[in-house]
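Undergrad: my questions are about this predicted structure, shown below with the sequence.
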Amino acid sequence: MPISTGEVLEFLRRAADVLHQNKEYLTELDSAIGDADHGINMDRGFQTILKKLPTVEDKDVGTILKTSGMALVSSVGGAAGPLYGTALMQAGTALAGKYELTAADLVTALDAALTGVMMRGKSKPGEKTMIEALAPAIAAMREALDGGASTQQMLERATAAAEQGMKSTIPMLALKGRASYLGERSIGHQDPGATSSYLLIRLMSEMASKQA
Amino acid sequence: MKKLINKPENVVREELEGLALAYPDIVKIHYEPNFVYRADAPKKGKAAVISGGGSGHEPMHGGFVGVGMLDAACPGEVFTSPTPDQMLEATKMVNGGAGVLHIVKNYSGDIMNFEMAADMARSEGIRVLSIIIDDDVAVKDSLWTQGRRGVGTTVLAEKIVGAASEKGYDLKKLADLCYKVNVNGRSMGMALSSCTVPMAGKPTFALGEDEMEIGIGIHGEPGRKRMKLETADEITEMLAVSIIDDGAYSRKTHLWSEAKSAWEDVEVVSPPLKKGDQVLAFVNGMGGTPAIELAILYRKLHQVCEKKGLKIVRNLIGPYITSLEMQGCSITLLKMDDEMLKLWDAPVKTIGLRWGL
């Protein structure tokens, strides 16, 4: 079932809500192994996206996502700004000119987003970052797509994989970002970036199941 | 905790407005995107120098904008890297036609935002080179981490490189000088307390009455080790010896190559300090530590340097790279040569550092 630009816009609006509701939680996680600003920053970034959405309501998905990505880059700062900003901009580039998305489009776009994150952050799986949630989610989506699953099933499996990836960060030693300065003290704490990534993927799945 | 602020979300904006009103002969402020720039910018023909980072470290970096130091500084939200559009607009504002040097502290956020900004500036025809400051010996190596944080040496680099820019060094010479300062500087910090980010409303971590945190950064985050509180002399000895005994430090840094028109990984080596070296000794307060304590720390630092055969030729004592109201200190030792000494002594007129003018 194709995903419309309306649904993409709705996803961004609800994402702003989800991040606003989880602001304290994400900030708590970032206090343990960071500098206590991830929740605050993501909230500010997505509120900035909300302000930009009226200007792109009639545009293609590519433009909507690129505009949102640039909004994040210019309002979030820190590491999350460039990483999430690049993710959305790369997804937008992959979906340039499209007004309707198939399940395959979704996978292509998220794959482009992940590649962008790994390039910008000079990181890969195993370093206790948002990649721990994103990489397994996209792998699960690709597998589901190749196996002929529905969009809803695909996103459900992505969410399960993202959740497992997020939780797997708890015993991990941080090798990137501010958490890495703590050395072994980073072990035992869930990564805030993996958590915000999981929340966004879970939202996609929730929206898909409402369509069914 | 109690703070002297209005609404937490307006902290950075109101701070900038206050500085603009207080020091109109030294700085001007550009809003949205936010940056502080020297009142007489741009200086035609001058290879300019900018830096930036999260707010909360005042006077760094906005307090170091002016004659003989930075041409501009980009303040992010508290403890959050500034965004590329801030650095891009600041670069354009201070561009005197001879290129701009970006002094970047080694944090993943700062690195990414400054890289994006440098690429954007270059695509608009402005020559930009970047040098990364990574002097914190509390981070052992860069194989298993983000690499050493950029801390105290940043202040010294901004002064020395700023003086060189004022003297007329070209962009390449400025970059080489900044590179030299970085590989000759080493720092380490500790804290008696955390600090409270205004938007978070509570301390980032909690320390007991008899505890201290060793190997902290400047963003209120936990350090490498929590220990029982020791005396000022014991703490100074611990920090100083970590710096002085630090061996040669090797890592790869992502720098722009003009020859290749591309970013490349460059091998950088910091040689260790040795007997007979002349150093600048910088005792820095993290914001919440009184001057009386910094003087006590300096006393011991002087003794340790003497014992280890290092000659202190200059010093800097005070809160210059802070972490809001954190109680604690950091020590930086910078090996000096004649060129660096002359540039350190050169006149400077900024909000945070002023002599000779």
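TA: Now that the structure is in, tell me what you want to look at. Numbers count the residues shown, from 1 in each chain, chains lettered A, B, ... in the order given.
Undergrad: hang on, residue A:132 packs against residue A:194?
TA: Yes. Using Cβ atoms under 8 Å, residue A:132 is in contact with residue A:194, at 4.7 Å. From N, CA and C alone the C-beta is placed, and that goes for glycine too.
Undergrad: identify the contacts common to those two.
TA: Among the neighbours of residue A:132, those also in contact with residue A:194 (Cβ atoms under 8 Å, 6 or more residues apart in numbering or on different chains) are A:165, A:166, A:169.
Undergrad: same question for stretch A:41-50, mean pLDDT?
TA: Per-residue pLDDT over stretch A:41-50 has a mean of 96.
Undergrad: tell me the buried residues in that stretch?
TA: A:41, A:42, A:43, A:44, A:45, A:46, A:48, A:49, A:50 (16 or more other Cβ atoms under 10 Å in any protein chain shown).
Undergrad: can you classify the residue of chain A most remote from its centre as helix, strand or coil?
TA: Computed with Cα atoms, centre = their mean, the residue of chain A farthest from its C-alpha average is residue A:184, at 26.6 Å. For residue A:184, the assignment made with DSSP: H, G, I helix; E, B strand; the rest coil gives helix.
Undergrad: residue B:49 now?
TA: strand.
Undergrad: thinking again about what came up before, just curious, which of the buried residues of stretch A:41-50 is nearest to chain B?
TA: Nearest to chain B, judged by Cβ to the nearest Cβ, of these is residue A:41 at 5.9 Å.
Undergrad: thinking again about what came up before, next step: the shared contacts of residue A:132 and residue A:194 restricted to helices.
TA: When DSSP state H is applied, the shared contacts of residue A:132 and residue A:194 are split such that A:165, A:166 fall in helices.
Undergrad: quick check on the shared contacts of residue A:132 and residue A:194: which are buried?
TA: Buried among these by 16+ other Cβ under 10 Å: A:165, A:166, A:169.
Undergrad: CSV for those, including distance to chain B and pLDDT?
TA: As requested, those are exported to CSV (distance: Cβ to the nearest Cβ, whole Å; pLDDT from 0 to 100):
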residue, distance to chain B, pLDDT
A:165, 20, 96
A:166, 19, 96
A:169, 16, 94
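Undergrad: which one of those is nearest residue B:207?
TA: Comparing those against residue B:207 with Cβ to Cβ places residue A:169 closest, at 25.5 Å.
Undergrad: inside helices: which ones of the buried residues of stretch A:41-50?
TA: In this view, the buried residues of stretch A:41-50 that belong to helices under DSSP H are A:41, A:42, A:43, A:44, A:45, A:46, A:48, A:49, A:50.
Undergrad: torsion angles phi and psi at the closest residue to residue B:211 other than its chain neighbours?
TA: The shortest distance from residue B:211 to any non-neighbouring residue, by Cβ to Cβ, 6 or more residues apart in numbering or on different chains, is to residue B:226 (5.7 Å). Reported as degrees, to the nearest 10, the phi and psi values for residue B:226 are phi -110, psi 130.
Undergrad: packing partners of the helix or strand of chain A with the lowest mean pLDDT?
TA: Lowest on mean pLDDT, DSSP states H and E among the helices and strands of chain A sits helix A:23-33, with a mean of 89. Where contact means 3 or more Cβ pairs under 8 Å, 6 or more residues apart in numbering or on different chains; DSSP states H and E, helix A:23-33 is packed against helix A:38-52, helix A:192-211.
Undergrad: who wins for proximity to residue B:342 among those helices?
TA: Among those, helix A:38-52 comes nearest to residue B:342, with 41.9 Å by Cβ to Cβ.
Undergrad: helices and strands around that closest one, which ones?
TA: Using 3+ Cβ pairs under 8 Å, 6+ apart: helix A:38-52 touches helix A:5-21, helix A:23-33, helix A:61-75, helix A:80-94, helix A:192-211, strand B:72-78.
Undergrad: try it again at 7 Å.
TA: The contact analysis (3 or more Cβ pairs under 7 Å, 6 or more residues apart in numbering or on different chains; DSSP states H and E) places helix A:38-52 against helix A:5-21, helix A:23-33, helix A:61-75, helix A:80-94, helix A:192-211.
Undergrad: mean pLDDT lowest for which of the ones you listed?
TA: Lowest mean pLDDT within the helices and strands packed on helix A:38-52: helix A:23-33, at a mean of 89.
Undergrad: give the contact list for residue A:124.
TA: Shown in contact with residue A:124 (Cβ atoms under 7 Å, 6 or more residues apart in numbering or on different chains): A:118, A:131.
Undergrad: host element of it?
TA: Residue A:124 belongs to no helix or strand when assigned by DSSP states H and E.
Undergrad: is it true that residue A:145 lies in a strand?
TA: No. Assigned with three-state DSSP, residue A:145 falls outside any strand and is helix.
Undergrad: can you give me the neighbour number for it?
TA: Residue A:145 is flanked by 20 other residues according to other Cβ atoms under 10 Å in any protein chain shown.
Undergrad: my guess is it meets residue A:104, correct?
TA: Yes. Look at residue A:145 against residue A:104 with Cβ atoms under 7 Å: they come within range, at 6.2 Å.
Undergrad: go through stretch A:3-14 and flag the buried ones.
TA: Buried residues in stretch A:3-14, counted by 16+ other Cβ under 10 Å: A:3, A:5, A:7, A:8, A:9, A:11, A:12, A:14.
Undergrad: what sits closest to the last one if chain neighbours are left out?
TA: Beyond its immediate neighbours in the sequence, the residue positioned closest to residue A:14 (Cβ to Cβ, 6+ apart) is residue A:203, lying 5.9 Å away.
Undergrad: go on, the third one?
TA: Nearest-residue entry for residue A:7: residue A:207, 7.0 Å, with adjacent residues in sequence omitted and distances by Cβ to Cβ, 6+ apart.
Undergrad: so how far is residue A:191 from that neighbour?
TA: Going from residue A:207 to residue A:191 by Cβ to Cβ, to the nearest Å gives 24 Å.
Undergrad: what pLDDT is listed against residue 136?
TA: Defaulting to chain A. 97.
Undergrad: not quite, I wanted chain B
TA: Note on residue B:136: pLDDT of 95.
Undergrad: need the contact list for it.
TA: B:148, B:149, B:151, B:187, B:188, B:217.
Undergrad: secondary structure class for the fifth one?
TA: Think residue B:188. Three-state call for residue B:188 (three-state DSSP): strand.
Undergrad: okay, it: pLDDT?
TA: Residue B:188 carries a pLDDT score of 96 in this model.
Undergrad: need the contact list for the residue nearest to it when sequence neighbours are not counted.
TA: Closest residue to residue B:188 apart from its sequence neighbours, by Cβ to Cβ, 6+ apart: residue B:239 at 4.6 Å. Counting by Cβ under 7 Å, 6+ apart, residue B:239 makes contact with B:188, B:190, B:331.
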